[in-house]
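**Q** got a sequence here, can you build the structure:
(chains A, B, C and D)
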There are 2 protein chains.
Amino acid sequence: MPLDRDVPGIVDVAEKAGVSLSTVSRVLSGRTPVSDRLRQKVEAAVAELGYRPNAAAQSLVSGRRSTVAVFARNTIRYGYAATLQGIEEAARAAGYVVMIAVVESDDPRAIAAAIDGALSQPLAGAIVIEFDDLGVQTLAAMPKTVPVVAAAGARRPPGEVPHAFLDDYAGGYEATKYLLAQGHRTVHHVAIPATRPGTGREWGWRAALEEAGASVPAVLRANYSPTSGYDVAQTLLGMPETTAVLCGNDELAIGVARAYQEVGRRIPDDVSIVGFDDQPFARMWTPALTTVRQDFVDLGRRTFALLGSWLTEGHSSPDSAVTPELVVRESAGAPRA
Amino acid sequence: MPLDRDVPGIVDVAEKAGVSLSTVSRVLSGRTPVSDRLRQKVEAAVAELGYRPNAAAQSLVSGRRSTVAVFARNTIRYGYAATLQGIEEAARAAGYVVMIAVVESDDPRAIAAAIDGALSQPLAGAIVIEFDDLGVQTLAAMPKTVPVVAAAGARRPPGEVPHAFLDDYAGGYEATKYLLAQGHRTVHHVAIPATRPGTGREWGWRAALEEAGASVPAVLRANYSPTSGYDVAQTLLGMPETTAVLCGNDELAIGVARAYQEVGRRIPDDVSIVGFDDQPFARMWTPALTTVRQDFVDLGRRTFALLGSWLTEGHSSPDSAVTPELVVRESAGAPRA
DNA sequence: TTGTATGCGTTATCAT
DNA sequence: ATGATAACGCATACAA
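**A** Numbers count the residues shown, from 1 in each chain, chains lettered A, B, ... in the order given. The predicted structure is shown next:
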């Protein structure tokens, strides 16, 4: 693979067009009037040479930055991946490129290293996907030298970082209320890792239970994976009085469902299961998963919009909420009489 | 959110440490000997100011580039997301940062725009995730001015781009042979979008069928989503002689399965279904999905390794294959007598 | 071992 | 409307 390592610069274009370097810069930026004649020449030269402005040099001299960094725990899980997609889409539309920095460990040195790597680049701003504790820590470790916004799973304390969020609390609340309305005495909860206490799906669930005067069972803590749901469900199996379980995400839900089905308990006849997120597979499950739909791609777009308005208008709204929607399908119903 | 927009530069460090700018540069790069006394001072100043080298300026003067761009059709679907994760992991370990460029449309202008955006940055190299036709086109449109490697779904023609690939062909072949060995007369195929003819899952399936002298049914073409699998399965429903179907991915498989289940046909009793990829949900499906495991994260690591050796050693192997593995679970078995 | 000077590709300021 | 020239932050050749 031999390379043509002769990337043309603005001077090459100027030479070929027979104009000065500054004229080329002007037609490229379009901010200063240039005669049509020269403009044509320059454009021809640009096309012929395949000239591409060097963003590094641009940002060095002008301070104009065109890349935004996204900090995320991973790029695989649905919520993260879809949020990233939304961010990238909006960023690209606005003329930015996006850098992805995965923060895998909560070792402060690992967090610092990820931040250092990203901030070495000339950044217009940074976005942290704060769906978990690692995100919280990353956000806390971000220096104040660069605009930072967050994509969150809950409203953050006011006055801090502008953030877009999915109202997990409302989703958990609504799903639990729905289950209660079906006649269940209480609802168990298999939780994804928490961010801050008092927020998120778990606390919406809790609130609905308390409001209804129902007992609040101990939370079963899992991670994000189907197998993790399956594992914690073993505990559930020893509690035959369970008639409904709200899961922190759809993957957990199918793990839990599988555990029940393996011992011959039917869904929703014997136990109702509700997921969270409405991942693409949810509606194809058998039984189709009743779940709380979250539009992560839209969350990503909104998050970038916050950063975009900060960058262009100098400020942005403190937050931007989206309320999730309960999607009733087949996996939940009334308890057996 | 007021910002401390006073990012210290190397001269600030030099001043604070009472040394010349070049001395700072030397301790930072570590390539030239510096007396311990000055080194200490410099390091103290760096720590105190929170100095971070400006990668844009570095690459401008030295030509050393530290970012690699990844071109992908999306960041959501499992294969893409997991490959990206592997690339990022390996890149970060090697001191690179990764930029993500989503190529959404096969409009040549859109492809060119994505490439222009990415190549404006000072790139060490680029990686294109070539799982589909859009990837093929993107690869073709990449200029020869930057090192490019690919993460592919099949071996590419020799002599072109270094690439790591998952041997889809072998996977399709093996899965089909397995089904045939179970006693099925033939196997139907629900395909994901193709890249090049003659390669990939579909052609492995075809080869196994031909080798066994089995008839080769018309391919059912879908996209990647569960609903797409469900939709094309309606055609399958009208073909009661079908006893086995190999699906291009797991999401398609569950869509197909759902379609069968809705009309009361049981899996694997009435029809055997095999997926592809072994996504996390596959083993929690009911019945658990027999599928072809693909290690996309590893593919990502290998792909970056190709680029890494090119960058550091000046060359890299032409390709790097990983053979997928059939995971036998519950969704496929012998046909009914 | 350390410091000074030059230049990377571009924008912006200043003349013309 | 156009052209010369000075930065931008840094690495490096060269001088000391």
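**Q** quick one, domains of chain A?
**A** A:1-51, A:53-166+A:298-321, A:168-294 (automatic domain parsing).
**Q** can I get those domains in a markdown table with mean pLDDT, distance to residue B:68 and mean neighbour count?
**A** Placement of C-beta: from N, CA and C, glycine included. Listed next are these as a markdown table, based on pLDDT from 0 to 100; distance: least, Cβ to Cβ, whole Å; neighbours: other Cβ atoms under 10 Å in any protein chain shown:
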| stretch | mean pLDDT | distance to residue B:68 | mean neighbour count |
| --- | --- | --- | --- |
| domain A:1-51 | 90 | 15 | 15 |
| domain A:53-166+A:298-321 | 94 | 10 | 21 |
| domain A:168-294 | 96 | 28 | 21 |
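**Q** which of those domains sits closest to residue B:151?
**A** domain A:53-166+A:298-321 (13.8 Å; Cβ to Cβ).
**Q** what about the residue in the stretch 151-300 of chain A positioned nearest to DNA strand C, distance to residue A:302?
**A** The minimum distance from the stretch 151-300 of chain A to DNA strand C, using Cβ to the nearest atom of the strand, falls at residue A:162 (26.1 Å). Residue A:162 is 11 Å from residue A:302, where distance means Cβ to Cβ, to the nearest Å.
**Q** how about residue A:121?
**A** 24 Å.
**Q** with residue A:54 instead?
**A** 32 Å.
**Q** got a list of what the nearest residue to residue A:285 once chain neighbours are set aside touches?
**A** Nearest non-adjacent residue to residue A:285, counting by Cβ to Cβ, 6 or more residues apart in numbering or on different chains: residue A:254, 6.5 Å away. Residues near residue A:254 by Cβ atoms under 8 Å, 6 or more residues apart in numbering or on different chains: A:226, A:229, A:275, A:281, A:285, A:289, B:281, B:284, B:285.
**Q** how about the strands in chain A?
**A** With DSSP state E as the criterion, chain A has strands at A:67-72, A:97-102, A:123-130, A:148-152, A:163-166, A:188-191, A:220-221, A:244-247, A:272-274, A:291-293, A:319-322, A:325-327.
**Q** and chain B, which of the ones you listed is closest to it?
**A** strand A:97-102 (5.0 Å; Cβ to the nearest Cβ).
**Q** quick one, the closest one and strand B:67-72 angle?
**A** Between strand A:97-102 and strand B:67-72, the angle formed by their directions is 100 degrees, by axes from the mean of the first three to the mean of the last three Cα atoms, to 10 degrees.
**Q** distance to DNA strand D added to the domains of chain A, as a markdown table?
**A** Formatted as a markdown table, the domains of chain A follow (distance: least, Cβ to the nearest atom of the strand, whole Å):
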| stretch | distance to DNA strand D |
| --- | --- |
| domain A:1-51 | 3 |
| domain A:53-166+A:298-321 | 3 |
| domain A:168-294 | 34 |
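**Q** could these go into TSV alongside distance to residue A:337?
**A** What follows is the domains of chain A, written out as TSV (distance: least, Cβ to Cβ, whole Å):
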stretch	distance to residue A:337
domain A:1-51	71
domain A:53-166+A:298-321	36
domain A:168-294	9
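**Q** ok, now which ones touch the closest residue in space to residue A:329 that isn't next to it in sequence?
**A** If the residues on either side of it in the chain are set aside, residue A:329 comes closest to residue A:288, at 3.9 Å by Cβ to Cβ, 6+ apart. Taking Cβ under 8 Å, 6+ apart, we find residue A:288 in contact with A:282, A:329, A:330, A:331, B:258.
**Q** now, the most widely separated pair of these?
**A** Among the contacts of residue A:288, the pair separated by the greatest distance (Cβ to Cβ) is A:331 and B:258, at 13.2 Å.
**Q** quick one: common contacting residues for these two?
**A** A:285, A:288.
**Q** so which of the contacts of residue A:288 sit within helices?
**A** residue B:258 (DSSP state H).
**Q** could you pull out the helices for chain A?
**A** Secondary structure of chain A (DSSP H): helices at A:10-17, A:21-29, A:36-49, A:55-62, A:78-93, A:108-120, A:133-141, A:168-181, A:200-211, A:226-237, A:250-262, A:296-313.
**Q** contacting residues around the fifth one?
**A** Meaning helix A:78-93. A:68, A:70, A:72-75, A:97-98, A:100, A:127, A:129, A:131, A:151, A:249-251, A:277, A:279, A:294, A:296-305, A:308, B:74-76, B:81, B:100-102, B:104, B:114, B:117.
**Q** OK, contacts around the nearest residue to residue A:201 once chain neighbours are set aside?
**A** Distances taken as Cβ to Cβ, 6+ apart put residue A:172 closest to residue A:201, at 3.8 Å, once the chain neighbours are dropped. Going by Cβ under 8 Å, 6+ apart, residue A:172 touches A:200, A:201, A:202, A:203, A:204, A:205, A:206, A:207, A:208, A:246, A:276, A:292.
**Q** ok, what's across the strand from the closest residue to the third one other than its chain neighbours?
**A** In other words, residue A:202. Computed as Cβ to Cβ, 6+ apart, the closest residue to residue A:202 that is not its neighbour in sequence is residue A:191, at 5.0 Å. In this entry, residue A:191 is beta-bridged to residue A:221, by DSSP bridges.
**Q** correct me, but residue A:191 touches residue A:224?
**A** No. Distance between residue A:191 and residue A:224: 10.5 Å, which falls outside the contact criterion (Cβ atoms under 8 Å).
**Q** give me the common contacts of those two.
**A** residue A:248.
**Q** my guess is residue A:335 meets residue A:245, correct?
**A** No. Distance between residue A:335 and residue A:245: 11.9 Å, which falls outside the contact criterion (Cβ under 8 Å).
**Q** please enumerate the shared neighbours of the two.
**A** Common neighbours of residue A:335 and residue A:245 (Cβ under 8 Å, 6+ apart) are residue A:272.
**Q** do me a favour and get the end-to-end distance for stretch A:207-222?
**A** For stretch A:207-222, the first and last residues are 20 Å from each other (Cα to Cα, to the nearest Å).
**Q** and for that stretch, what are the contacting residues?
**A** A:169, A:172-174, A:176-177, A:180, A:185-193, A:202, A:206, A:228-229, A:231-233, A:235-236, A:248, A:252, A:255.
**Q** try 6 Å this time
**A** For stretch A:207-222, the surrounding residues in contact (Cβ atoms under 6 Å, 6 or more residues apart in numbering or on different chains) are A:173, A:176-177, A:180, A:186, A:188-191, A:206, A:228-229, A:232, A:252.
**Q** which of those lies closest to chain B?
**A** Looking across the contacts of stretch A:207-222 and measuring by Cβ to the nearest Cβ, the closest to chain B is residue A:229, at 7.6 Å.
**Q** contacting residues for that closest one?
**A** Going by Cβ under 6 Å, 6+ apart, residue A:229 touches A:222, A:252, A:255, A:256.
**Q** JSON lines please, covering these and showing distance to residue A:139.
**A** JSON lines is the format used below for these (distance: Cβ to Cβ, whole Å):
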{"residue": "A:222", "distance to residue A:139": "24"}
{"residue": "A:252", "distance to residue A:139": "25"}
{"residue": "A:255", "distance to residue A:139": "30"}
{"residue": "A:256", "distance to residue A:139": "31"}
